[in-house]
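A.B. asks: sequence and predicted structure are below.
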Amino acid sequence: MPYKTLSVSLLCSLLLLAACGSSSRTRDPSPGPSPDPVDIRLTPVFEGIAFDRPLLMLQAPGDGNRWYVVEQGGRVKTFRSGDGSASLFADLSSRVAYSGGADERGLLGMAFHPDYPQKRTVYLSWVTTDGGQRSVIAAFDVNSAGTAIDPASERILLEVEQPAANHNGGHIAFGPDGYLYIGLGDGGGSNDTFRNAQNTRTLLGSMLRIDVDATAGSLDYGIPSDNPFAGDPAVRDEIFAYGLRNPWRWSFDRATGVLLAGDVGQGAREEIDRIEAGEQYGWPCFEGTRVNDSVDYGDYCTGVTNTPPIHEYPRSEGIAVVGGHVYRGQDPRLASLNGRYFFADYGSGRLWSLDPYASDSTATLRLMAESGRVISSLAEDLSGRLYLIDWAGGEILRIDPRN
């Protein structure tokens, strides 16, 4: 179902979205400029395969012909290039909390071990209500063909209580350092209802960094010795950065290792952040660069400063940012786009790019497409090509040059 058929009221209740109706008390940043002179088109791919509310697509290291698509309801489908159908790689639908439609919970993340296929392990991230609502990160063994997990091999690494059914985050990825990064939202509600994003004794509202190949004390994972707060009794050792609202999608630039994230806003700003060790990004005391003075936070926001986003945009441009990827593809027709960060908006369906390393990245912003899609993620294949994931239409679209 394309975005243009959805009502504003329905969009305000759908996946990822912040509270609608709030407005900024400061001037909105300027909207983006005209479309890029490099003409692109969005090419539907894998058209013979049906996907049900897809959230993520990826490939395993070392195999550029096999694809994996994560569906929110708890299934992962796999297929090879040229296949007309897909098989089930994983089915956690009986354990995943997802009621359909606007529910933000579900199977939310997937990552292969960086030494795959030598180490045949995949990590899945989901929300469950079995025994209490919580986020779960678990490891599974993968068969030799790469076509299925072994359910009996499950090893739970981390569980985090979730007080509400929104702002769960849930994306996971390995960094170039070999550690697993985990993005978690503030626990839900509006205006950081549960006061988590500035509370460094909780893992919510933070980007975490753990070592899946080690253990520490009673933990089923290790703490990297250079984690910025390791050993600080006032901060959980797992925290890499904090002060986030809902880091829905984020990625590492394969050329530089820099971590870029889209943090979904509440009612005034959507932001792109460069996530760095030990930094704090201000939520709920700030929404982007804007002081969030809609609530009297008292001592909770006293003295809080924030690392500003590299880019922010107002609700006139979209209502839920979808962090993407830096283009590092090899197509000579797209050479001028190399090194540009592509990101989108779930509500407006707009696709933009910018230079994430410019002193003023907003000045380099280009509107690349008005997709008309409900975009849940961008994806990057092993060759560096980029894709859009259409959550409502169940389609995958590749970003191609028009000619």
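C.D. replies: Here it is on my side, so go on.
A.B. asks: let me know the pLDDT of the spatially most central residue of the chain.
C.D. replies: For the chain, the residue nearest the mean C-alpha position is residue 249 (1.3 Å; C-alpha atoms, centre = their mean). Looking at residue 249, its pLDDT is 98.
A.B. asks: check contacts around it.
C.D. replies: When contacts are counted by C-beta atoms under 8 Å, 6 or more residues apart in numbering, residue 249 touches 171, 261-262, 322-324, 377-378. All C-beta atoms are positioned from the backbone trio N, CA, C, and that covers glycine.
A.B. asks: which SS class is it?
C.D. replies: Assigned by DSSP: H, G, I helix; E, B strand; the rest coil, the conformation of residue 249 is strand.
A.B. asks: ignoring the adjacent residues along the chain, who's closest to it?
C.D. replies: Of all residues not flanking residue 249 in the chain, residue 323 sits nearest, at 4.0 Å (C-beta to C-beta, 6 or more residues apart in numbering).
A.B. asks: what's the burial count for residue 52?
C.D. replies: Per other C-beta atoms under 10 Å, the neighbour tally for residue 52 reads 13.
A.B. asks: how about the secondary structure of the closest residue to residue 195 other than its chain neighbours?
C.D. replies: In this structure, residue 195 finds its nearest non-sequential neighbour in residue 300, 6.0 Å apart by C-beta to C-beta, 6+ apart. Per three-state DSSP, the secondary structure class of residue 300 is helix.
A.B. asks: any low-confidence regions in this protein?
C.D. replies: 1-37 (pLDDT under 70).
A.B. asks: OK, contacts around the nearest residue to residue 112 once chain neighbours are set aside?
C.D. replies: Spatial nearest neighbour of residue 112, excluding adjacent residues (C-beta to C-beta, 6+ apart): residue 60 at 4.7 Å. By C-beta under 8 Å, 6+ apart, the contact list for residue 60 reads 66, 68, 112, 116-117, 122, 146.
A.B. asks: for the residue nearest to the centre of the chain, which residues make a bridge with it?
C.D. replies: For residue 249, the beta-bridge partners are residue 262 (DSSP bridges).
A.B. asks: cool, residue 77 as well?
C.D. replies: For residue 77, the beta-bridge partners under DSSP bridges are residue 69, residue 88.
A.B. asks: that one contacts residue 57, doesn't it?
C.D. replies: No: the pair residue 77 / residue 57 is not scored as a contact, 9.7 Å apart, by C-beta atoms under 8 Å.
A.B. asks: any shared contact partners between these two?
C.D. replies: Common contacts of residue 77 and residue 57, defined by C-beta under 8 Å, 6+ apart, comprise 68-69.
A.B. asks: show me the contacts for residue 95.
C.D. replies: 74, 126, 128, 130.
A.B. asks: could you turn the buried ones of those into a ChimeraX selection?
C.D. replies: Buried members of the contacts of residue 95, defined by 16 or more other C-beta atoms under 10 Å, are picked up in ChimeraX with:
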select :74,126,128
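A.B. asks: now distance to residue 98 and secondary structure too, for the contacts of residue 95, in JSON lines please.
C.D. replies: As requested, the contacts of residue 95 are arranged in JSON lines below (distance: C-beta to C-beta, whole Å; DSSP: H, G, I helix; E, B strand; the rest coil):
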{"residue": "74", "distance to residue 98": "7", "secondary structure": "coil"}
{"residue": "126", "distance to residue 98": "9", "secondary structure": "strand"}
{"residue": "128", "distance to residue 98": "10", "secondary structure": "strand"}
{"residue": "130", "distance to residue 98": "13", "secondary structure": "coil"}
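A.B. asks: okay, the contacts of residue 95 in CSV with distance to residue 180 next?
C.D. replies: Shown next, in CSV, are the contacts of residue 95 (distance: C-beta to C-beta, whole Å):
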residue, distance to residue 180
74, 21
126, 15
128, 19
130, 23
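A.B. asks: tell me which of the contacts of residue 95 is nearest to residue 151?
C.D. replies: residue 74 (12.3 Å; C-beta to C-beta).
A.B. asks: that closest one against residue 89, yeah?
C.D. replies: No: using C-beta under 8 Å, residue 74 is not in contact with residue 89; the gap is 11.8 Å.
A.B. asks: neighbour-wise, which one of the contacts of residue 249 leads?
C.D. replies: Of all the contacts of residue 249, residue 262 has the most neighbours under the rule other C-beta under 10 Å, reaching 30 neighbours.
A.B. asks: can you pull the contacts of it?
C.D. replies: Neighbouring residues of residue 262 by C-beta under 8 Å, 6+ apart: 247-250, 270-273, 321-324, 343.
A.B. asks: okay, the residues you listed in CSV with distance to residue 353 next?
C.D. replies: Converted to CSV, the contacts of residue 262 look like this (distance: C-beta to C-beta, whole Å):
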residue, distance to residue 353
247, 20
248, 18
249, 15
250, 16
270, 15
271, 16
272, 11
273, 17
321, 14
322, 13
323, 13
324, 9
343, 8
